[in-house]
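1. predicted structure and sequence below. I'll ask about it afterward.
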Amino acid sequence: QAQLVESGGGWVQPGGSLRLSCVASGFTLDYYSIAWFRQAPGKEREGVSGIVARDGRTYYSDSVKGRFTISRDSAKNTIYLQMDSLKPEDTAHYYCAADRTVVPGTWRFLGYWGQGTPVTVSS
């Protein structure tokens, strides 16, 4: 059964760092575009960062550009989100997603989704 499982969330002070992981099972991530999303309490889910399957191109939302880095480890069938210079407004539940048919560079992921991991940034 195909699934995605996130980990690495937690509490961190402003300015700190966290690295989220998303392990895939039941399918090979290399053939999928992948992305990280987040949803804060009372807000809509938003795309954070993605990797295009076809060419490995990465993209980011303006709110995290320059602070977050997405990467993929094919040998481990895992994607990561390195989050640096964290701000209180980064507090949210973070999800990873994978899709074979998403338009490159967009956020319309209709394939596999994980259950998410919480991130809290506060002093």
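-> In hand now; what should we look at?

2. who are the neighbours in contact with the residue most central in space within the chain?
-> Taking Cα atoms, centre = their mean, the centroid of the chain lies closest to Trp36, which sits 2.1 Å from it. If you count contacts by Cβ atoms under 8 Å, 6 or more residues apart in numbering, Trp36 has them with 20, 22, 47-50, 68, 70, 79, 81, 94-97. Every C-beta, even on glycine, is put in place using the N, C-alpha and C of the backbone.

3. of the residues you listed, just say which sits nearest to Tyr59.
-> Gly50 (5.3 Å; Cβ to Cβ).

4. so that closest one makes contact with Ala35?
-> Yes: taking contact to mean Cβ atoms under 8 Å, the distance of 3.6 Å between Gly50 and Ala35 places them in contact.

5. which neighbours do those two have in common?
-> Common neighbours of Gly50 and Ala35 (Cβ under 8 Å, 6+ apart) are Ile70, Trp107.

6. neighbours around the closest residue to Ala40 other than its chain neighbours, how many?
-> In space, and not counting its chain neighbours, Ala40 is closest to Ala92: 4.1 Å by Cβ to Cβ, 6 or more residues apart in numbering. Neighbour count for Ala92, taken as other Cβ atoms under 10 Å: 21.
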